[in-house]
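Participant: Here is a sequence together with a model predicted from it:
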Amino acid sequence: MSALQPDKATIGIINYKTLDYTRLCLRSIRKFTRYPCEVLVVDNDSRDASLDYLRSLPWIRLLQRPADTDRAVGGYAHAAALDLALENCRTEFFVSLHSDVFLWKEDWLGELVGYFRQDPGLACVGSGKIELGAPWRQWLKKAVDLRGLARRLQRTPDPLGIRRYYNRTICCLYRTDILRRERLSFAMDYDRGLTAGQKLYLELVDRGYRTVELPPNVMGRYLVHLAHATQALNLDEFRLARKTVRKCERLVAQVQAMPVFQDLLADTSLDR
């Protein structure tokens, strides 16, 4: 493996049948990113218009990942695609970014990379769940989360760390050389109930690496996350509660009313 390019990041995005959201995500990267980066998109065997769109973009690097025979879609496929993106990363930093995210702050990436400049030993910068809304609403949601309280009060051990905090792959920055040196994978322990990148993050912490855990309202200054958008668009392939679908639809409607969204939607020059 050749030396990693310093002072540069690779943004890894996984696409699966989300043309409108992937297009919005990529255009927002093009509009608001100033830090030197390469955009690497892994298509998870979409076989639809989203793949045709990706092929038309001259400024991204596109990898096509064939479907697994037994786990073609879902969390494992997403984790495996992130591993493929990491394997093809050629830069100092690797950024996982969901396709249902769009950026809305100038030089968002430069500011997040700044945390690594403040601490040369830092391994990861990210956040937990990122929800659009006032901080007090997020606090209230946690305060009345009775199921979460019950889990915390359980006396049974949690050897896998399922209930431990972790920086999610929604938007997360990593030092590429640390992930490779430690032989870490986004698919670690997925078969045991952990989600993409969860075990990777826990291993970083348990092996003594320093991380930054940004509060959701801080990460929300940089981006909007349309949670569950991929599943909501493909309900014939994913199981999603009707309540979650309605919440996603309300969020999409809220975002569509934003001027920044309308500007990105109209600016086709960002595709070229």
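Facilitator: Okay, I see it.

Participant: can you give me how far the strand or helix carrying residue 179 is from the chain middle?
Facilitator: Using DSSP states H and E, residue 179 maps to helix 176-181. The chain centroid and the centroid of helix 176-181 are separated by 18 Å, computed with CA atoms, centre = their mean, to the nearest Å.

Participant: Could you name the helices and strands sitting against it?
Facilitator: helix 75-87, strand 91-98 (3 or more CB pairs under 8 Å, 6 or more residues apart in numbering; DSSP states H and E). Where you see a C-beta, it was placed from the backbone N, CA and C, and this is true even at glycine.

Participant: how about the helices of the stretch 1-150 of the chain, start to end?
Facilitator: Here the stretch 1-150 of the chain has its helices, by DSSP state H, counting those that start in this stretch, at 19-32, 49-55, 75-87, 108-118, 135-143, 146-153.

Participant: Looking at the helices and strands packed on helix 176-181, which one is packed in the most?
Facilitator: Most buried of the helices and strands packed on helix 176-181, by mean neighbour count (mean count of other CB atoms under 10 Å): strand 91-98, with a mean of 24.

Participant: in its sheet, what does that strand sit against?
Facilitator: Using DSSP bridges, the strands paired with strand 91-98 are strand 5-15 (parallel), strand 171-175 (antiparallel).

Participant: most packed of these?
Facilitator: Per stretch, and counting mean count of other CB under 10 Å, the top mean among the strands paired with strand 91-98 goes to strand 171-175, which has a mean of 25.

Participant: Verify the stated contact: residue 251 with residue 227.
Facilitator: Yes - look at residue 251 against residue 227 with CB atoms under 8 Å: they come within range, at 7.1 Å.

Participant: Take the strands paired with strand 91-98 and write them to CSV, including distance to residue 61 and mean pLDDT.
Facilitator: Listed next are the strands paired with strand 91-98 as CSV, based on distance: least, CB to CB, whole Å; pLDDT from 0 to 100:
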stretch, distance to residue 61, mean pLDDT
strand 5-15, 9, 98
strand 171-175, 18, 98
